[in-house]
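>>> only geometry, no sequence info:
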DNA sequence: ATTAAGAATGCAACTTTGTTGCAAAAGTAT
DNA sequence: ATACTTTTGCAACAAAGTTGCATTCTTAAT
Ligand SMILES: [Mn+2]
Ligand SMILES: [Mn+2]
Ligand SMILES: [Zn+2]
Ligand SMILES: [Zn+2]
């Protein structure tokens, strides 16, 4: 244990650097999805803003994190499950929930996105579902 | 006709101004959802950037337009159906589609978002579904 | 039609967010 | 230990979004 972050990096064929380990740690510690801003607040004193941008980008491409769409211009990120890391492509078909009270966005890992039928001629590649409301901590 | 935009404004108890009419016209003419940027391109020479921000904000609040979440930090906007304007609150439970080829985002007005069961303790207020893929024009 | 009150707009100044090129530093493989 | 490659930090910049305030435009009442 304690080297979980390092393992993720190695499994993704990424070199192990201090900033990557730290940012992974932040995700592993978090119980909700994080915006760039959140991460910056937690470690901008240690690492450059640009590094955070680039690290998130890298993590996305490697299937370490996935992003969650939003209507507030604050894309949030959360750790993927192992399947994304091992297969190398994203496989996150769970619903996301944004609480209007506490503002937290979480992955509902057990709630699968229900199938939907598109009109003729449309091909589906990815699908995203975000629900707003009140979370169980705030109710 | 030709005063459709004006009607919308009056029905929403908004004063009728040149910029609001113009921005509504842009939406009425568009066959896809528009980002702030798209609107700016079409009329920044006539109206100030700030006015566009404020107008979109106002339209959102009045239920004239709704926004579509995204993972690219470019929230897009589309006209609501009449129900939103008359009831004053949003009622847009259709699926949105983003084409990876042409980049256009459209409302699939006939495709309803399928129901989903949340875990105990969560209360749903709004729901958003965005599908990515290839649209019928690009296939 | 005038006018007075309120609302919307434009402008300027500013903050925040995101991007790019390049030199220095750190990581990896031999 | 060394050479090679990747990552980082910095600086400079560009784009996006916000705020306060003076001016202009709308609306509704006279
Ligand atoms: Mn998730
Ligand atoms: Mn729509
Ligand atoms: Zn909550
Ligand atoms: Zn298309």
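Ah, there it is. Because the structure is predicted, anything quoted here is derived from the model rather than measured. Ligands and ions are numbered 1, 2, ... in the order given.

>>> Mind giving me the packing neighbours of the worst-scoring helix or strand of chain A on mean pLDDT?
Every helix and strand in chain A was compared by mean pLDDT, DSSP states H and E; the lowest is helix A:82-87, with a mean of 80. Using 3 or more CB pairs under 8 Å, 6 or more residues apart in numbering or on different chains; DSSP states H and E, the elements in contact with helix A:82-87 are helix A:4-11. Where C-beta positions appear, they are placed from N, C-alpha and C, glycine not excepted.

>>> Now find how far off-centre the very next helix or strand once past the helix it packs on is within its chain.
Next helix or strand after helix A:4-11 toward the C-terminus (DSSP states H and E): helix A:18-29. The chain centroid and the centroid of helix A:18-29 are separated by 13 Å under CA atoms, centre = their mean, to the nearest Å.

>>> right, is helix A:18-29 up against DNA strand D?
Yes: residues of helix A:18-29 contacting DNA strand D under CB under 7 Å from any atom of the strand: A:18, A:19, A:20.

>>> which among the residues you listed end up buried?
Among the residues of helix A:18-29 next to DNA strand D, those that count as buried by neighbour count (16 or more other CB atoms under 10 Å in any protein chain shown) are residue A:20.

>>> Please work out how many residues are found near the residue in chain A that ligand 1 sits nearest to.
Per CB to the ion, residue A:107 is where chain A lies closest to ligand 1, at 3.2 Å. Neighbour count of residue A:107, defined by other CB atoms under 10 Å in any protein chain shown: 20.

>>> Over to residue A:57?
Residue crowding around residue A:57 was assessed by other CB under 10 Å; the count is 11.

>>> so what pLDDT did it get?
Residue A:57 carries a pLDDT score of 97 in this model.

>>> Can you confirm whether the one helix or strand it maps to lies near DNA strand C?
For residue A:57, the host element (DSSP H and E) is helix A:49-61. Yes: Helix A:49-61 reaches DNA strand C (CB under 7 Å from any atom of the strand) through A:49, A:50, A:53.

>>> Now distance to residue A:14 and neighbour count too, for those, in JSON lines please.
Output for the residues of helix A:49-61 next to DNA strand C, formatted as JSON lines (distance: CB to CB, whole Å; neighbours: other CB atoms under 10 Å in any protein chain shown):
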{"residue": "A:49", "distance to residue A:14": "20", "neighbour count": "11"}
{"residue": "A:50", "distance to residue A:14": "17", "neighbour count": "8"}
{"residue": "A:53", "distance to residue A:14": "16", "neighbour count": "13"}
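
>>> what would the residues of helix A:18-29 next to DNA strand D look like in a markdown table with pLDDT and distance to residue A:103?
Converted to a markdown table, the residues of helix A:18-29 next to DNA strand D look like this (pLDDT from 0 to 100; distance: CB to CB, whole Å):
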| residue | pLDDT | distance to residue A:103 |
| --- | --- | --- |
| A:18 | 97 | 30 |
| A:19 | 98 | 26 |
| A:20 | 98 | 27 |
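
>>> does stretch A:38-49 come close to DNA strand D?
Yes: if you take CB under 7 Å from any atom of the strand as the test, stretch A:38-49 does meet DNA strand D, through A:46, A:47, A:48.

>>> What is the burial count for the last one?
If I follow you right, that is residue A:48. Residue A:48, neighbours per other CB under 10 Å, totals 12.

>>> and what of residue A:97?
Neighbourhood size, residue A:97 [other CB under 10 Å]: 26.

>>> tell me which element it is part of?
Assigning secondary structure by DSSP H and E places residue A:97 in strand A:94-99.

>>> Is it correct that residue A:125 is in contact with residue B:101?
No: with contact defined as CB atoms under 8 Å, residue A:125 does not reach residue B:101; the gap is 10.6 Å.

>>> Cool, thanks, signing off.
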